[in-house]
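Chemist: pasting the sequence and the predicted model now:
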Amino acid sequence: MVIRRLRKYAVIARVSLTNAITYRSSLFMRFAFYAMFVYIFMGLWGAIYREGSVNGYTYAQMVWYLAMTEGIAFALGTGIFGEMNDAVKTGSIAYQLCRPTRYVFYQLASALGQVLLNTLLFGALAAALGLLFVGPLPGFGPRVIPPLILSIALSFIQNYFTLTLLALSSFVIEDNTALFLIYQKLCFMLGMFLPVEFLPEAIQRVARNLPFSYVYWAPAKIFVSYTPELFRQVIPRQAMWAASAVALAMLAYNAGVKRLQANGG
């Protein structure tokens, strides 16, 4: 029974991947924006790094860090918040519940195909830009790849289900856009544009105990300066926040379905 259900979601993900490959023209504009962001911030950090390393990061590590965090942001972006939010507010979610799949996991499988393609393409672009701008990343080797893949997967799960939770809050909150913007900006400030280590000591301690930094900072940190000790520190916390996001999103979904009122017609 479980295998049959998983096969259904695998088919959905495969169809999504096929569609993403077929309608890939929009990726070129995103490639351009990605390259522009990396180039701009590379110039900014180049000016800062004239005095040497900063907070334990070399200039090469910082460029690769930015390439990784920006790549994750572009690759894992699914638009799920807007889609689910509109479905709840218009009541169209009621029609989608008739499918022989769980709505949240149907959307997850549908997003997964696009994310897989984006991850491969933006990963290749990040590698090309990093090599072009600063050369190979010192210390990176095959041993880093498995923990990096695991960290990126946990980042995707945490981010997807957190956005799902925020979208489903529209069952009880009329305008929840502010929640999405707050979450987005906290993720940006706590790890995307600069490493957590660059923050004041007091804010660092808070950031390491909140979920926001584990979306971008954790996989990028593993990428640029992997050690077994870092793996033991970061991955369990990533897994905890990812599991918490899944649990809370499913609780919100189950509670929302029970009180569903199709107010869209």
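Modeler: Thanks, I have the structure now. Keep in mind that what you see is a predicted model, and the values were worked out from it rather than measured. Numbering: from 1, shown residues only.
Chemist: quick one: residue 187 and residue 216 touch, right?
Modeler: Yes. In this structure, residue 187 is within contact of residue 216 by Cβ atoms under 8 Å, at 6.3 Å. Any C-beta I mention is one placed from the backbone N, CA and C, and that applies to glycine too.
Chemist: the more surrounded of the two?
Modeler: Under the criterion of other Cβ atoms under 10 Å, the comparison of residue 187 against residue 216 puts residue 216 first, with 27 against 22.
Chemist: report pLDDT for that one.
Modeler: At residue 216, the model reports a pLDDT of 94.
Chemist: the helices in the stretch 151-265 of the chain, which residues?
Modeler: 177-187, 201-208, 213-225, 228-258 (DSSP state H, counting those that start in this stretch).
Chemist: mind putting the ones you listed in JSON lines, distance to residue 89 included?
Modeler: Shown next, in JSON lines, are the helices of the stretch 151-265 of the chain (distance: least, Cβ to Cβ, whole Å):
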{"stretch": "helix 177-187", "distance to residue 89": "11"}
{"stretch": "helix 201-208", "distance to residue 89": "32"}
{"stretch": "helix 213-225", "distance to residue 89": "25"}
{"stretch": "helix 228-258", "distance to residue 89": "12"}
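Chemist: for these, which one sits closest to residue 81?
Modeler: Closest approach to residue 81 among these (Cβ to Cβ): helix 177-187, 5.3 Å.
Chemist: which residues does residue 172 contact?
Modeler: residue 256 (Cβ atoms under 8 Å, 6 or more residues apart in numbering).
Chemist: quick one, phi/psi of it?
Modeler: Backbone torsions of residue 172, given as degrees, to the nearest 10, read phi -120, psi -20.
Chemist: residue 57 now?
Modeler: Dihedral angles of residue 57 (phi, psi; degrees, to the nearest 10) stand at phi -100, psi 130.
Chemist: the chain should start at 33 in everything you say after this.
Modeler: Sure, I'll start counting at 33 from here, so that last one is residue 89.
Chemist: in the helix or strand containing residue 40, what's buried?
Modeler: Using DSSP states H and E, residue 40 sits within helix 34-54. Judged by neighbour count (16 or more other Cβ atoms under 10 Å), helix 34-54 contains these buried residues: 41, 44, 45, 48, 49, 52.
Chemist: fine, thanks again, bye for now.
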